[in-house]
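[1] Got a sequence here, can you build the structure:
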Amino acid sequence: MSDVRSRENDDLDELDDAAVDEILAAEAALQAPPTQAWRRRTGIEMVISGFIGLIASFVLSHDALKLAANPKANLSCSINATINCATVAKQWQATVIGDIPNAFFGIAAEAVVITVAVAIIGGVLFPRWYMLAAQAVYTVGFLFAYWLFYESITKIHAVCPWCLLITATTTLVWAGLTRLNIREGHIVLPGAAGPWARRFVASGYDWFITIGLIFVLVLILLINYGGSLFS
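    The predicted model follows:
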């Protein structure tokens with residue numbers, strides 16, 4: 001009987017060791033640099049979002065030139081008093097730097113992001129300083145997009161569909177770039193927050209935050225304008 005119990009205990013020990021090894025291996029995988037397949041998926045997400053944002057920037061640039069030639073011109077996205085691109089485009093917030101429409105800077109930013117994302121898909125590993133510089137520049141664009149959204153809601157009291165689309169795509173691109181920089185170790189948080197952040201991103205939980213941000217934008221629009229968005 002004692003021999004049987006001894007064998008059972010040995011089997012349990014072996015099972016426990018195997019389970020521990022599996023947990024440690026899974027943890028090591030989460031902490032390790034991302035695979036090229038993971039980087040490629042992130043790059044594709046950034047290309048798609050950046051391309052949509054680029055199209056929206058081109059449309060806004062065309063509309064800005066159209067309004068410059070004729071301030072009374074009708075724009076296709078001027079649907080009602082609330083959804084009105086012309087109202088937004090005529091405000092000072094639409095040309096923050098001199099007389100240059102914000103959309104022109106959007107074209108440049110999206111073109112750069114798409115180029116970087118395509119290189120990532122191809123397996124290019126950029127140096128840390130470059131990725132941190134890209135993160136800093138695009139973070140400014142991300143905050144700027146949300147500032148414009150805030151101004152549209154609180155000051156202009158009208159929204160531009162193309163601007164809203166750019167806000168959404170900017171959120172997705174910024175999230176993808178941040179995700180990549182955290183997993184590759186370019187963004188290092190202090191203490192235990194560093195490994196936790198890499199584990200959080202590797203598990204895909206950051207997508208809940210990204211989708212949550214976009215959901216909040218939609219919710220704010222509905223709360224502020226409700227049925228007037230569709231009337």
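
[2] Run a quick neighbour tally on residue 190.
    For residue 190, the count of nearby residues is 6 (other C-beta atoms under 10 Å). Every C-beta, even on glycine, is put in place using the N, C-alpha and C of the backbone.

[3] What distance do you get for it to residue 130?
    In this view, residue 190 and residue 130 are 23 Å apart by C-beta to C-beta, to the nearest Å.

[4] same check, this time on residue 145
    23 Å.

[5] Check residue 150 too.
    31 Å.

[6] now do residue 107
    Residue 107 is 21 Å from residue 130, by C-beta to C-beta.

[7] between those two, who's got more neighbours?
    residue 107 (17 against 12).

[8] ok, that one touching residue 58?
    Yes - Residue 107 is in contact with residue 58 according to C-beta atoms under 8 Å; the separation is 6.5 Å.

[9] from memory residue 185 sits against residue 131, does it?
    No - applying C-beta under 8 Å, one finds residue 185 not in contact with residue 131, separated by 10.0 Å.

[10] The two: which is more packed in?
    Under the neighbour definition other C-beta under 10 Å, residue 185 and residue 131 were set side by side, and residue 131 has more, 20 against 14.

[11] Spatially, what comes nearest to that one if we skip its sequence neighbours?
    Using C-beta to C-beta, 6 or more residues apart in numbering and skipping residues adjacent in sequence, the residue nearest residue 131 is residue 186, 4.6 Å away.

[12] With residue 137 instead?
    residue 109 (7.7 Å).

[13] what do you get for residue 91?
    residue 156 (5.3 Å).

[14] Counting neighbours, what do you get for the one you found?
    Residue 156, neighbours per other C-beta under 10 Å, totals 18.

[15] Would you check how far apart it and residue 89 are?
    10 Å.

[16] same check, this time on residue 208
    34 Å.

[17] out of the two, which sits in the busier spot?
    Comparing residue 208 with residue 89 by other C-beta under 10 Å, the one with more neighbours is residue 89, at 27 against 10.

[18] what number of residues lie near the nearest residue to that one once chain neighbours are set aside?
    Of all residues not flanking residue 89 in the chain, residue 67 sits nearest, at 5.5 Å (C-beta to C-beta, 6+ apart). Residues lying near residue 67 (other C-beta under 10 Å) number 18.

[19] any idea how far residue 162 is from residue 67?
    From residue 67 to residue 162 the distance is 13 Å (C-beta to C-beta).
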